[in-house]
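Student: Mind folding the following:
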Amino acid sequence: MNYPYMPKSTALWLIENTSLSFEQIADFCGLHELEVKNIADAETYKIQGLNPVLNGQLTREDIEKCENNPSERLTLRDAIVSAQKKQNKKGVGYTPKLHRQNRMGGILWILKNYPELSDGQVARLMRSTNPTVASVRNKTHKSYSAIQIQSPIVLGLVSESALQDAVSKAKK
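Tutor: Here you go, the predicted model:
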């Protein structure tokens, strides 16, 4: 079974923005139903919700279909499943030319969602340079106005495990 990137963040967003059952959310995110209930009950949870529709993991129609029929189950879109399989086979290494232009959007996404990471950590994760990351952080990059914020995990520029490792190191 393939699960979404950042399953707890996705579960939080689904809890807050849909009328799906805890069981449906747990099946989709690869979590236990009690974990989903705990996420729903926590008032000061330190997870930021991640919209699976904007990230291309689901469509709004899939969610509505499952909201109307409690026996239906959500599934990841095929493009995400194939990207996960490709990422798991060889890891994140060479970045295709098509995705290199999205690197700035990935850097900006990491800086906005994880401000505790240093410029050096972000540069290592995104295979960029410290001055580039610093210029994006300070909004002085030459193409800052044209940068589109996109999750580097969904784009395949960085793995979720590498990002979580960097965040845990930064918190220490």
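Student: how about the strands in this protein?
Tutor: Using DSSP state E, no strands are found in the chain.
Student: how is it carved up into domains?
Tutor: 7-81, 94-171 (automatic domain parsing).
Student: where does this structure have low pLDDT?
Tutor: 1, 43-45, 83-100 (pLDDT under 70).
Student: Now do the helices in it.
Tutor: Assigned by DSSP state H, the chain shows helices spanning 7-17, 22-29, 33-41, 60-68, 78-90, 97-100, 103-113, 119-126, 130-137, 152-155, 160-171.
Student: Can you lay out those helices as TSV showing distance to residue 51 and mean neighbour count?
Tutor: To be clear about C-beta, it is placed using only N, CA and C from the backbone, and glycine gets the same treatment. Formatted as TSV, the helices of the chain follow (distance: least, C-beta to C-beta, whole Å; neighbours: other C-beta atoms under 10 Å):
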stretch	distance to residue 51	mean neighbour count
helix 7-17	5	20
helix 22-29	14	21
helix 33-41	16	16
helix 60-68	11	14
helix 78-90	14	13
helix 97-100	21	10
helix 103-113	12	21
helix 119-126	22	20
helix 130-137	22	18
helix 152-155	11	22
helix 160-171	16	14
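Student: From residue 169, how far off is residue 158?
Tutor: For residue 158, the distance to residue 169 equals 14 Å [C-beta to C-beta, to the nearest Å].
Student: Identify whichever of the helices of the chain lies nearest to residue 52.
Tutor: For residue 52, the closest of these is helix 7-17, at 5.2 Å, according to C-beta to C-beta.
Student: Quick one: list the elements packing against the closest one.
Tutor: Applying 3 or more C-beta pairs under 8 Å, 6 or more residues apart in numbering; DSSP states H and E, we find helix 7-17 packed against helix 22-29, helix 33-41.
Student: Which one, of those helices, ends up nearest to residue 101?
Tutor: helix 22-29 (30.5 Å).
Student: thinking again about what came up before, closest to residue 11 out of the helices and strands packed on helix 7-17?
Tutor: Between residue 11 and the helices and strands packed on helix 7-17, the tightest spacing by C-beta to C-beta is seen for helix 22-29, at 4.5 Å.
Student: could you dump the helices and strands packed on helix 7-17 to JSON lines with distance to residue 72?
Tutor: Putting the helices and strands packed on helix 7-17 into JSON lines (distance: least, C-beta to C-beta, whole Å) gives the following:
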{"stretch": "helix 22-29", "distance to residue 72": "8"}
{"stretch": "helix 33-41", "distance to residue 72": "16"}
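Student: mind checking which of the ones you listed is nearest residue 2?
Tutor: Using C-beta to C-beta as the measure, helix 22-29 is the one of the helices and strands packed on helix 7-17 that comes nearest residue 2, at 10.1 Å.
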